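Engineer: Got a predicted structure plus its sequence, pasted below:
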Amino acid sequence: MKVTILNGALPDDPYTDAVGTVLHDALASVGSVVKSWSLRDDKIAYCLGCFECWTKTPGRCRIDDAGRAVAASFIGSDLTIFLTPITFGGYSSALKKAVDRAICLVSPFFTHIDGEVHHHARYDRYPALLGVGILPAPHPVQEQIFETLIGRNAINLHAPVHGHVVVYRSQEPAAAVAGLYNVLQFSSEASA
């Protein structure tokens, strides 16, 4: 199974990086081919909203930076993982830029999905989506917002299955592996 991890850790966040390493190693240990992106270290510009990726160069952003390679890695995977500190229930700024740039992965045309209007799929197959959020301590409201955000992005990005898990900074990264066993089970279901 091919896995892409989009690590949205911001500078001076060794905890999110440690969780990313644990996640990477756990997935690799079960035979997955894992590509981890440290988004803060990659030059990824903000989406310009020009929509050339829909009209002039379908599926390819006009901005020539790491955002192109991240989108290609995303669509080429069986499972894409959004790893992020949770900020007001949402993604870090580094992850948000990468998610915004993934707009090239859908068509500019619309369809109905469960009674709602969404973009058509551009490709025949999309990866499963898993959100791994990090909070200092339990926070039910932020956790609910994060779960909803992952679910809505899964619809927009045509993920065949999706899930989420929240890890708390009060846990040692190695102890957080216990909470990530559900991630491993999800990943094996995603590849089936």
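Structural biologist: Arrived safely, thanks for sending.
Engineer: And the helices in this structure?
Structural biologist: Defined through DSSP state H, the helices belonging to the chain, from first to last, are 14-29, 52-55, 66-75, 93-101, 140-156, 177-191.
Engineer: can I get those in a markdown table with distance to Gly133?
Structural biologist: (Each C-beta comes from the backbone N, C-alpha and C, glycine too.) Output for the helices of the chain, formatted as a markdown table (distance: least, Cβ to Cβ, whole Å):
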| stretch | distance to Gly133 |
| --- | --- |
| helix 14-29 | 10 |
| helix 52-55 | 27 |
| helix 66-75 | 18 |
| helix 93-101 | 10 |
| helix 140-156 | 5 |
| helix 177-191 | 11 |
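Engineer: Ok, which of these comes nearest Arg125?
Structural biologist: Proximity to Arg125, assessed across those by Cβ to Cβ, is greatest for helix 66-75 (8.5 Å).
Engineer: How about residues contacting that closest one?
Structural biologist: Contacts of helix 66-75 with the rest of the structure, by Cβ atoms under 8 Å, 6 or more residues apart in numbering, involve 4, 6, 35, 37, 39, 42-45, 60-61, 80, 97-98, 101-102, 104-105, 123, 126-127.
Engineer: who touches Val132 in this structure?
Structural biologist: The contact partners of Val132, by Cβ under 8 Å, 6+ apart, come to Val19, Leu23, Ile81, Phe82, Leu83, Thr84, His164, Val165, Val166, Val167, Leu180, Val183.
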